[in-house]
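Asker: Build me a model:
(one chain, ligands or ions: 2)
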Amino acid sequence: MKFLVTGGAGFIGGNFVHYMVNKYPEDMIVNLDKLTYAGNLETCKPVEDKPNYKFVKGDIADREFIFDLFEKEHFDVVVNFAAESHVDRSIEDPEIFVKTNVMGTTTLLDACVKYGIKRYHQVSTDEVYGDLPLDRPDLFFTEETPLHTSSPYSSAKASADLFVLAYHRTYGLPVTISRCSNNYGPYHFPEKLIPLIISRALNDETIPVYGTGENVRDWLHVYDHCTAIDLIVRNGREGEVYNVGGHNERTNLQVVKTVLKALNKPESLITFVEDRKGHDRRYAIDPTKLETELGWQPKYTFDTGIPMTIQWYLDNKEWWENIISGEYQNYFEKMYVEKGRAEK
Ligand code: NAD
Ligand code: TYD
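Answerer: Numbers count the residues shown, from 1 in each chain. Ligands and ions are numbered 1, 2, ... in the order given. The predicted structure is shown next:
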């Protein structure tokens, strides 16, 4: 089979490309990525010489380019990871989130209808469900939870999900959607919480914690997200949504303290900073449908996945040091230093 994987130079898409290229040598994986600030060809290095892998640079929202690519390549399956993915950036500048996350998705969907694609898979997020209260640990997001978004990022992702489902109902396009909780693992861009803690702590820099640090996220190792998507793409029922998560809820403060302890760094690095606008309180996934229907089970818990991830960052300093020495410096300056949220 021939797969188009979009956003494969980013964090999760990159891990998925590695997983697919190595697991299925008989399949062809075409990685399409615009190489925005979050895309990094270094992430694709481990597979770039494999015969079943090819990289194409381009924008999923560029209609002419996308239709030409589909005309030439005859894809069987499309897995769409490409997105603007950072909530904080979406609060500063929502428009690109509409362009890439919504219009990019509809452009791909149109091409899939025209070229009779056998499966379109949309990589979505639990953030489309909004948030849960902190004092109700009995509540979880199921696939039936209403969409109730908080940020421009999650609103754009939810819009895309609705278009995906509409293309199934209206045009009969064979689609699936996965909605996963927060991921962590190798190749995670250092603007996100876990790689930010690791990279800054290793340099003895302050760790900015938004608000009180009581917000809860449900962390899944990226490898387990990849196995879930693989299963859903191959065996998931058309038109269905599958939640992905492994019941690894932690407050942000617990996450920071766990990583600092593992790195033998002092908690005095923690700096409480101004809260994120509209900050979601708690995310928590109920993955029962994926487990019972498709037999998915995560391989890692937070306690086994975090030490491995820290080790990866220690072993691959060059990968993240190159990022934080470039354009990312300007981002950190703008988002944290100028706002008095953190020291340089
Ligand atoms: P990322 O920001 O690390 O990577 C996104 C990739 O998409 C980058 O390589 C970027 O260059 C590329 N891209 C951006 N705009 C593009 C465009 N217009 N055309 C082509 N390529 C473009 O993001 P990530 O964390 O790997 O997330 C991947 C997907 O998974 C996203 O759709 C996100 O919504 C979803 N998701 C992420 C998480 C998480 O915890 N990170 C959890 C659940 C779902
Ligand atoms: P993030 O990694 O941006 O993922 P998301 O917002 O998609 O869940 O943030 C995870 C949590 O960590 C979120 O509650 C915001 C918080 N956070 C901080 O406290 N400090 C930081 O510097 C960052 C980037 C995030």
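Asker: Alongside ligand 2, which residues does this protein contribute?
Answerer: Within the chain, the positions near ligand 2 by Cβ under 6 Å from any ligand atom are 87, 182, 192, 193, 196, 208, 209, 210, 215, 217, 252, 276. Backbone N, C-alpha and C define where each C-beta goes, glycine included.
Asker: Apply 5 Å and report the result again.
Answerer: Residues of the chain found near ligand 2 (Cβ under 5 Å from any ligand atom) are 87, 192, 193, 208, 209, 210, 215, 252.
Asker: Contacts only, for whatever residue of the stretch 201-344 of the chain ends up closest to ligand 1.
Answerer: The stretch 201-344 of the chain approaches ligand 1 most closely through residue 225 (7.2 Å), counting by Cβ to the nearest ligand atom. Residues counted as contacts of residue 225 (Cβ atoms under 8 Å, 6 or more residues apart in numbering) are 12, 15, 16, 178, 180, 183, 244.
Asker: quick one, what contacts residue 109?
Answerer: With Cβ under 8 Å, 6+ apart, residue 109 has these contacts: 120, 163, 164, 167, 173.
Asker: Helices along this structure, start to end?
Answerer: 11-23, 63-73, 87-92, 95-97, 105-114, 152-171, 193-202, 222-235, 252-262, 288-294, 302-315, 317-324, 328-332 (DSSP state H).
Asker: ok, the residue in the chain sticking out farthest from the centre to residue 204 distance?
Answerer: Distance from the C-alpha centroid of the chain peaks at residue 268, with 30.0 Å (Cα atoms, centre = their mean). From residue 268 over to residue 204 the distance is 10 Å, taken as Cβ to Cβ, to the nearest Å.
Asker: Tell me where the model's unsure across this protein.
Answerer: Low-confidence segments of the chain (pLDDT under 70): 342-344.
Asker: Could you tell me which residues of it lie near ligand 1?
Answerer: 7, 9-12, 33-34, 36, 38-39, 59-60, 81-83, 85, 100, 104, 123, 125, 180, 182-183, 189.
Asker: Tell me what whichever residue of the stretch 201-344 of the chain sits closest to ligand 2 is bridged to.
Answerer: Residue nearest to ligand 2 within the stretch 201-344 of the chain (Cβ to the nearest ligand atom): residue 210, separated by 3.6 Å. Counting by DSSP bridges, residue 210 is bridged to residue 273.
Asker: for it, what are its contacts?
Answerer: Applying Cβ under 8 Å, 6+ apart, the residues near residue 210 are 252, 273, 274, 275, 276, 279.
Asker: Quick check on the residues you listed: which are buried?
Answerer: Among these, those classed as buried by 16 or more other Cβ atoms under 10 Å are 252, 273.
Asker: Can you tell me which residue of this structure sits closest to ligand 1?
Answerer: Using Cβ to the nearest ligand atom, the closest approach of the chain to ligand 1 is made by residue 10 at 2.0 Å.
Asker: Residue 238: how many residues sit nearby?
Answerer: 12 (other Cβ atoms under 10 Å).
Asker: Likewise for residue 214?
Answerer: By other Cβ under 10 Å, neighbour count at residue 214 equals 13.
Asker: Against residue 257, how distant is the residue nearest to it when sequence neighbours are not counted?
Answerer: Using Cβ to Cβ, 6 or more residues apart in numbering and skipping residues adjacent in sequence, the residue nearest residue 214 is residue 251, 5.4 Å away. From residue 251 across to residue 257, the span is 9 Å (Cβ to Cβ).
Asker: Residue 19 now?
Answerer: Taking Cβ to Cβ, one finds residue 19 at 31 Å from residue 257.
Asker: again, but for residue 184
Answerer: 15 Å.
Asker: ok, those two, which is more surrounded?
Answerer: Neighbours per residue (other Cβ under 10 Å) separate residue 184 from residue 257, with residue 184 holding more: 26 against 17.
Asker: Please verify my assumption that the more buried one contacts residue 218.
Answerer: No: the criterion here is Cβ atoms under 8 Å, and residue 184 misses it with residue 218 at 11.2 Å.
Asker: what comes up buried for stretch 29-47?
Answerer: Across stretch 29-47, burial judged by 16+ other Cβ under 10 Å covers 29-34, 36-40, 42-44, 47.
Asker: Ok, stretch 295-303 next?
Answerer: For stretch 295-303, by 16+ other Cβ under 10 Å, it's 296, 298, 300, 302.
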